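[1] requesting a structural model of the entry that follows:
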Amino acid sequence: MSAVTTPVQASAPGPSLTSVFVRLKLSLLRNGLRQSGGRTVAYVLSAVTGAVVVAGIVLAFALLRGHADAGTVAVLLTGALSLGWAVMPLFLPSGDETLDPSRLVMLPLRPRPLVRALLVASLVGIGPVLTLVLTSGASVAVAHGAAGTVAAVLAVPLTTVTCVALSRAVAAANVRLLTSRKGRDLALLSGLVIAVGMQFVNFAAQRLGRAGGLESLEPASTVVGWLPPAAAIGAVDSASRGDHAVAAARLLLTAAALAALVYWWQRSLVRLMVEPDGSTIGAASDAGARDKADSGLLARFLPGGRTGTVMERSLRYIWRDPKTKAAWVTSLAIGLIVPLFNAFQGAGSVYFACFSSGMLGMLMYNQFGQDTSAFWMVAQTISTAADAYAELRSRALALLTITLPFTVLVTGVTAGVLGDWAKFPEALGLALGLLGAMVGTGAVTSANFPYSIPQDSGYKNVAPGQAGLAWISIFGGMVTSGVLCSPLIAATVYLHVSDQQSLLWLLLPAGLLYGALLILAGLKLAAPRAAKRLPEILAAVSKG
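    Next up, the predicted model:
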């Protein structure tokens with residue numbers, strides 16, 4: 001009896017890791033858009049907005065073709081685009097959750113295939129496509145002749161892939177920072193960076209117009225033209241001018257930078273996969289001693305009783321809560337930048353210090369929202385209108401501890417830059433009056449229009465369904481504050497019109513006293529309302 005043998009069928013080779021990651025990226029994007037209509041609308045709007053902006057830039061590049069400064073503009077804009085790709089992971093750590101390498105720790109993946117698969121999957125999305133189109137436009141502006149066309153064909157994909165690799169390498173190297181509380185703080189401060197950056201761009205644009213136009217940018221373009229990946233676009237310009245050796249050197253420099261970025265990325269992934277996270281070792285033991293020391297130092301400067309306790313809690317919110325910290329830093333920075341930048345440009349006024357008061361006064365609005373569901377502990381300590389008054393007064397004092405000296409500082413620095421110290425007393429009086437009006441109306445709106453601040457939803461500062469409350473609270477309070485400050489404004493105008501300049505200094509004590517009265521009036525109005533609406537306030541601030 002002969003043995004029956006069955007041929008062993010060779011198993012079909014599985015799909016490559018790269019194709020798996022690309023399909024995974026597409027599936028996760030598609031399923032993410034199906035979660036909610038709002039997310040789909042936001043995705044479509046961002047895509048359309050980006051396409052419109054990029055189309056406008058590409059059109060501008062096309063119009064620059066043949067212009068003497070086309071190479072300067074193309075290289076500098078490509079450098080700015082590369083910088084955006086480099087810093088994007090630091091401010092948008094959760095912007096591409098599908099490619100988070102920490103999710104792959106338990107999978108048996110080798111470094112080189114993993115990096116290759118991640119790089120290809122990273123090229124799927126709105127950002128890489130728009131970058132490809134933008135770099136194509138930059139190449140069109142500077143490409144001339146056969147040599148320039150060949151260089152452009154090589155430079156466009158090389159620039160796009162280098163930008164993406166730069167972004168992923170930075171993200172992988174800082175993934176543990178970006179998933180920590182410091183990383184979340186950094187992400188929430190991105191709005192501040194954008195606002196500050198826009199002010200610098202505005203200031204630079206005005207200075208550029210005075211300095212002779214685009215020709216003044218040629219030294220910067222020369223330097224950026226040798227920095228990858230902008231060097232690839234510089235290579236197109238060089239090839240079009242006949243400098244073939246310089247063009248080849250710039251392309252090789254960009255290719256070498258891409259190889260170095262991929263190697264750095266691979267090393268970061270290996271370290272992430274095999275090394276434990278020791279960032280929190282000893283944190284528990286050190287935190288207790290540090291908190292105890294900080295508490296003693298802070299409590300030493302605060303009053304005793306409930307006032308000091310509530311003030312300390314509010315000040316700790318500013319330091320520890322990411323969204324509260326972001327709001328404070330943004331308000332302080334923008335409140336200082338706007339008056340100073342206008343003063344440096346020669347178009348400002350000492351009265352611009354009132355902008356700082358407005359930014360800081362808005363921090364009083366929605367005081368209970370920052371407590372979230374933990375407001376129930378605060379509610380347990382409030383049984384009468386007097387308790388609510390003490391709670392709101394202490395929160396206002398904590399805010400004024402920072403905002404009062406900062407308002408004086410901004411007004412003084414603005415007056416010093418403008419050299420207009422004669423208007424310092426009246427400007428400071430108006431600023432203090434506006435600050436008092438906003439703190440008073442902030443107490444009232446906190447009691448009547450509280451809303452929740454989501455803690456785990458990125459940039460959302462309002463829970464779904466509560467946007468109307470936020471608009472009423474903020475804009476209603478701002479309009480009311482402006483109306484309440486009308487007596488001070490009228491007095492200032494009257495003294496100027498009636499040529500009674502010697503009495504303008506009286507606006508400083510008048511503004512200080514008037515602002516204090518508005519704060520007291522706002523607290524008195526808000527306290528009984530807050531004491532009666534504790535359950536409603538708790539329900540409103542717990543929806544996040």
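[2] contacts only, for Ala248.
    Ala235 (CB atoms under 8 Å, 6 or more residues apart in numbering). All C-beta atoms are positioned from the backbone trio N, CA, C, and that covers glycine.
[3] quick check: pLDDT value at it.
    Ala248 carries a pLDDT value of 93.
[4] in terms of helices and strands, where is it?
    Using DSSP states H and E, Ala248 sits in helix 244-274.
[5] then Val378?
    Assigned by DSSP H and E, Val378 falls within helix 375-379.
[6] how much space separates the residue nearest to Pro509 when sequence neighbours are not counted from Pro339?
    What sits nearest to Pro509 in space, not counting adjacent residues and going by CB to CB, 6 or more residues apart in numbering, is Gly429, at 7.3 Å. In this view, Gly429 and Pro339 are 16 Å apart by CB to CB, to the nearest Å.
[7] can I get stretch 391-408 as CSV, trimmed to CA atoms?
    Below are the C-alpha coordinates for stretch 391-408, written out as CSV (Å, rounded to 0.1, in the frame of the first residue of the first chain):
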residue,chain,number,x,y,z
GLU,A,391,-16.4,83.1,46.1
LEU,A,392,-16.8,85.6,43.2
ARG,A,393,-14.9,88.3,45.0
SER,A,394,-12.0,86.0,45.6
ARG,A,395,-11.8,85.0,42.0
ALA,A,396,-11.9,88.6,40.9
LEU,A,397,-9.1,89.5,43.3
ALA,A,398,-7.0,86.6,41.9
LEU,A,399,-7.6,88.0,38.4
LEU,A,400,-6.8,91.6,39.4
THR,A,401,-3.6,90.5,41.1
ILE,A,402,-2.2,89.9,37.6
THR,A,403,-4.2,92.2,35.4
LEU,A,404,-3.9,95.4,37.4
PRO,A,405,-0.1,95.7,37.3
PHE,A,406,0.0,94.4,33.8
THR,A,407,-2.4,97.1,32.6
VAL,A,408,-0.2,99.8,34.2
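[8] got a list of contacts for it?
    Under CB under 8 Å, 6+ apart, the answer for stretch 391-408 is 306-311, 314-315, 318, 328, 332, 335-336, 353, 356-357, 360-361, 363-364, 367, 378, 381-382, 428, 431-432, 435, 439, 443, 446-447, 519, 523, 526-527, 530.
[9] in the helix holding Ala248, which residues are buried?
    246-247, 249-251, 253-255, 257-258, 261-262, 264-266, 268-269, 272-273 (16 or more other CB atoms under 10 Å).
[10] and stretch 385-395, by the same measure?
    For stretch 385-395, using 16+ other CB under 10 Å, the buried residues are Ala385, Asp387, Ala388, Tyr389, Ala390, Glu391, Leu392, Arg393, Ser394, Arg395.
[11] and the residues you listed, which is closest to Val22?
    For the buried residues of stretch 385-395, the closest approach to Val22 (CB to CB) belongs to Arg395, at 51.7 Å.
[12] any idea which helix or strand comes after whatever helix or strand that closest one lives in?
    Here Arg395, judged by DSSP H and E, is contained in helix 385-418. Counting by DSSP H and E, the next helix or strand C-terminal to helix 385-418 is helix 424-448.
[13] so which bits of the very next helix or strand once past that following helix are buried?
    The helix or strand immediately downstream of helix 424-448 is helix 467-484, counting by DSSP H and E. By 16+ other CB under 10 Å, the buried positions in helix 467-484 come out as Leu469, Ala470, Ser473, Ile474, Gly476, Gly477, Met478, Thr480, Ser481, Leu484.
[14] thinking again about what came up before, just the buried ones from the contacts of stretch 391-408?
    Applying 16+ other CB under 10 Å to the contacts of stretch 391-408 flags 307-308, 310-311, 314-315, 318, 328, 332, 335-336, 353, 356-357, 360-361, 363-364, 367, 378, 382, 428, 431-432, 435, 439, 443, 446-447, 519, 523, 526-527, 530 as buried.
[15] helix/strand/coil for the closest residue in space to Val22 that isn't next to it in sequence?
    Distance criterion CB to CB, 6+ apart; nearest residue to Val22, sequence neighbours excluded, is Ala121 at 5.2 Å. What DSSP: H, G, I helix; E, B strand; the rest coil gives for Ala121 is helix.
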